[in-house]
Every structure is written in structure tokens, then in C-alpha cells.
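Peer 1: predicted model and sequence below, questions to follow.
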Amino acid sequence: MSDLLTHWAVFDDCRRLAAHASAAHPLFTRILEEETEIARLGALSRSGNRFIPHLLKAAHAQREAVEVTPLLRQKIAFALGGLLHYPADHVFKRLMKERAQAEQDASSGEGGPGSDAPLSIREVSAYYDCHVFRQVYLAGQEAPFSCFLLADNATDPGQKLEAFVRALFQRALLSTHTLAPDMADLDGWLENLLAKVQPLYIDIGLYVSVFRIPDPGKLERYRVETD
């Protein structure tokens with residue numbers, strides 16, 4: 001499961017449901033609609049068990065304030081988005097590992113070496129993400145995506161554009177970190193940055209092929225449309 005598609009889809013589904021839930025506080029639903037981009041960033045962020053309580057306690061301490069400041073609204077949005085990261089991981093990653101292990105076991109049982117497990121788990125991930133892309137974002141018709149996201153373009157200019165987009169994705173991942181160096185501890189700052197920047201491991205070609213020509217057998221074995 002990529003940290004982009006499925007995590008955003010879980011957030012956007014819950015955001016839409018919250019707008020119709022009588023138990024949802026009106027302030028929260030307004031913030032989710034007005035600060036959607038900040039909340040989406042929170043939905044992609046790990047370690048929510050640490051930052052979410054901190055942010056919500058700070059917001060609760062200001063509950064008597066006459067006006068919720070723009071910065072506080074953004075912090076609340078970030079925390080609300082972050083609430084959904086772990087539950088999504090808990091559900092989807094368990095399914096991914098189960099299906100990938102089943103594929104590996106089947107391969108070993110047929111006399112194969114079972115060496116395709118790393119590829120298999122990424123393939124399962126691609127099938128899940130593509131299904132979510134179809135269902136939640138209507139194959140790119142719903143914001144924030146476009147119908148061109150998983151379109152096939154095998155031409156030379158198309159491949160160069162894809163390489164450029166990969167660079168943009170990597171730069172976007174980098175931009176989620178504070179890139180202003182801590183001059184008092186430059187080595188520590190750089191070591192922390194290099195240790196925590198997540199590499200872009202997604203094979204775009206795999207996603208395009210899974211989206212355009214899904215294997216019916218794998219749709220069934222990976223339980224894409226059931227589990």
C-alpha cells in the first residue's frame with residue numbers, strides 16, 4: 001500500500017462521512033473541509049501516537065478562546081488526518097502480507113524457489129491501490145487526482161515525463177522534512193534527515209499495467225474486491 005493513494009482514500013472517505021455524521025463536532029467537520037490539504041499531509045505521517053495527543057491536548061487547552069487561530073486550525077487538521085494512518089496500516093498491510101505469503105507458499109509448493117515474495121507484496125499493494133483509485137477517486141475523476149495519473153504512455157516523451165514526475169514525487173517527500181539545517185548540530189541534522197527520508201520504491205510501470213490490464217486470477221487470489 002503506497003503512502004499516497006490508499007491513506008488519502010481512507011482519509012477522504014472518512015472526511016465525507018464525517019460531514020453527514022451527527023456525532024461529529026461541527027468545528028472538526030469545518031476544519032476538515034477548509035484545511036483538507038493539511039489534513040491529507042497528516043494522513044500520510046507516521047508516529048501519530050506521539051504527535052496526535054500533543055496537538056489535540058494543545059487544542060483542548062484553548063477551547064475557551066473566542067476564536068480558533070488559523071495556525072491552531074491547521075494543527076487540528078493535521079491531527080485529525082493523522083488519526084487514520086495506523087488503522088489503515090493495520091488493515092491493509094496485514095492483508096498484503098497474507099496474500100504475498102500465500103503466493104510465495106504456492107510458488108514453493110509448485111517446485112519454485114519462492115523468490116518472488118518482495119515483488120509479490122508490491123504487486124498486491126499495486127492491486128489494492130488501483131482498486132481504491134477506481135472506487136474512491138473514480139479512476140481520477142475526483143480531486144486531488146487526474147485521469148492521467150495511471151494512463152499508459154510508452155512514447156519516448158512519455159517516459160521522460162514519467163522520470164520527471166518521479167523526481168517531483170521524490171522532491172515532495174523531501175519537502176515534508178525541515179530542510180533548513182541546524183547549524184549548531186549540522187552532522188546530527190543531516191544524519192537524521194538521511195536516516196528518515198523514505199525512498200520512492202513504487203514501480204510506476206507496474207501500477208499502470210495493473211490499472212489498465214488487471215489479471216482476473218490475481219484479483220481473486222489477492223481478494224481485491226472481497227476483503
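Peer 2: Noted; the coordinates are in hand.

Peer 1: for this structure, what spans make up the helices?
Peer 2: Secondary structure of the chain (DSSP state H): helices at 5-18, 26-34, 36-44, 48-61, 70-82, 85-109, 117-137, 156-175, 186-196, 204-212, 216-221.

Peer 1: of these, which is nearest Ser146?
Peer 2: helix 117-137 (9.5 Å; Cβ to Cβ). To be clear about C-beta, it is placed using only N, CA and C from the backbone, and glycine gets the same treatment.

Peer 1: which strands or helices does that closest one pack on?
Peer 2: helix 5-18, helix 85-109, helix 204-212, helix 216-221 (3 or more Cβ pairs under 8 Å, 6 or more residues apart in numbering; DSSP states H and E).

Peer 1: just name the most buried of those.
Peer 2: helix 5-18 (a mean of 20; mean count of other Cβ atoms under 10 Å).

Peer 1: still on that earlier bit, include distance to Met183 and mean pLDDT when you put the helices and strands packed on helix 117-137 into a markdown table, please.
Peer 2: As requested, the helices and strands packed on helix 117-137 are exported to a markdown table (distance: least, Cβ to Cβ, whole Å; pLDDT from 0 to 100):
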| stretch | distance to Met183 | mean pLDDT |
| --- | --- | --- |
| helix 5-18 | 34 | 91 |
| helix 85-109 | 32 | 87 |
| helix 204-212 | 37 | 84 |
| helix 216-221 | 52 | 94 |
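
Peer 1: for Ala59, which of those helices is the nearest?
Peer 2: Judged by Cβ to Cβ, the one of the helices and strands packed on helix 117-137 that comes nearest to Ala59 is helix 5-18, at 16.6 Å.

Peer 1: show me what that closest one packs onto, helices and strands only.
Peer 2: helix 26-34, helix 36-44, helix 85-109, helix 117-137.

Peer 1: Asp187: which of those is closest?
Peer 2: helix 36-44 (27.9 Å).

Peer 1: run the chain-centre distance for the closest one.
Peer 2: Distance of helix 36-44 from its chain centroid, counting by Cα atoms, centre = their mean, to the nearest Å, is 10 Å.

Peer 1: list the buried ones in it?
Peer 2: Buried positions in helix 36-44, judged by neighbour count with 16 or more other Cβ atoms under 10 Å: 36, 38-44.

Peer 1: okay, those residues in TSV with distance to Ala195 next?
Peer 2: Output for these, formatted as TSV (distance: Cβ to Cβ, whole Å):
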residue	distance to Ala195
Thr36	30
Ile38	25
Ala39	27
Arg40	25
Leu41	21
Gly42	22
Ala43	23
Leu44	18
